[in-house]
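# Starting from these lines, generate the structure:
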Amino acid sequence: MTDKPICEIYTDGCCIGNPGRGGYAAILMSPGERKELSGGFRQTTNSRMELMAAIAGLQTLQHPARVRLYSDSRYLVDAMQRRWAKHWRDRGWRRTGKRRVENVDLWKQLIELDEKHEVLYVWVKGHDGCPENERCDTLAMQAAMQTNLPPDRGYETPSPAIPTLFDNPQPTKRNPR
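You can find the predicted model right below:
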C-alpha cells in the first residue's frame, strides 16, 4: 500500500472545426478539495486538446499521487492504458508500419507526468450524463470561444525540415586559385 494521496481527474477537450479553435478542461477532486481549470488555443486539433486536458490536470498536482483520470477520448485512454504511447517513444515515435506519431510534443509531456504519478486511465462515454465529464465539456467549449487565444506552438509551428544527405539548395562556389 502506498501513502501517495488519491485524486480523481476528469478531462475533456474540444475543437470548433478540426483543426480550429480549441479548448481543454480538467476537474481535480480529492477528499475535501475540488479544482476546475481550462484553457484554449486559436488553432489546434481535438486530439491535442484531449491530451492537453490530461496534461494540465496532472501538472496541477503538487506531489506524486495515485490518480484515476477519466476521459471520453479513446485516443488518450487506450494509448496510455495499453502502453502504446511508451512503445511509440521506444520506437523513436514511430507507429507500426513506420508511420510517424502525431502530437509527439504532448505525448512526451504526458508520459513524463504518468511516470511521476500512479495513473489509471478510465474511459467514460461522452455526453452520457456523467456530471464532471459534462462540466469539463462546458468549460472546454467556453475556453475555445474566448477571444485572443494563444497559438498552440506544437501545432502551428511547423517542425524544421530534416535535410537529406543530398540536399544542397545553394551550390557551393569554388574559389579560383
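# OK, contacts around residue 68?
Neighbouring residues of residue 68 by CB atoms under 8 Å, 6 or more residues apart in numbering: 6-9, 119-120, 122. (C-beta placed from N, C-alpha, C; glycine too.)
# chain center to the helix or strand hosting it, what's the gap?
Here residue 68 sits within strand 66-71, counting by DSSP states H and E. The chain centroid and the centroid of strand 66-71 are separated by 14 Å under CA atoms, centre = their mean, to the nearest Å.
# That one: partners in the sheet, and parallel or antiparallel?
Sheet pairing of strand 66-71 (DSSP bridges) gives strand 6-16 (parallel), strand 118-123 (parallel).
# Which among those strands is found nearest to residue 129?
strand 6-16 (13.2 Å; CB to CB).
# Check which element follows that closest one along the chain.
Using DSSP H and E, the helix or strand that follows strand 6-16 towards the C-terminus is strand 20-30.
# So which elements touch that following strand?
strand 6-16, strand 33-44, helix 46-60, helix 131-144 (3 or more CB pairs under 8 Å, 6 or more residues apart in numbering; DSSP states H and E).
# Report the inter-axis angle for the first one versus helix 131-144.
Translated: strand 6-16. In terms of direction (axes from the mean of the first three to the mean of the last three CA atoms, to 10 degrees), strand 6-16 departs from helix 131-144 by 40 degrees.
# buried ones in strand 6-16?
The neighbour-count criterion (16 or more other CB atoms under 10 Å) identifies 7-15 as the buried residues of strand 6-16.
# In CSV: those residues, plus distance to residue 104 and pLDDT.
Shown next, in CSV, are the buried residues of strand 6-16 (distance: CB to CB, whole Å; pLDDT from 0 to 100):
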residue, distance to residue 104, pLDDT
7, 27, 96
8, 28, 97
9, 23, 98
10, 25, 98
11, 20, 98
12, 22, 97
13, 17, 97
14, 22, 97
15, 19, 96
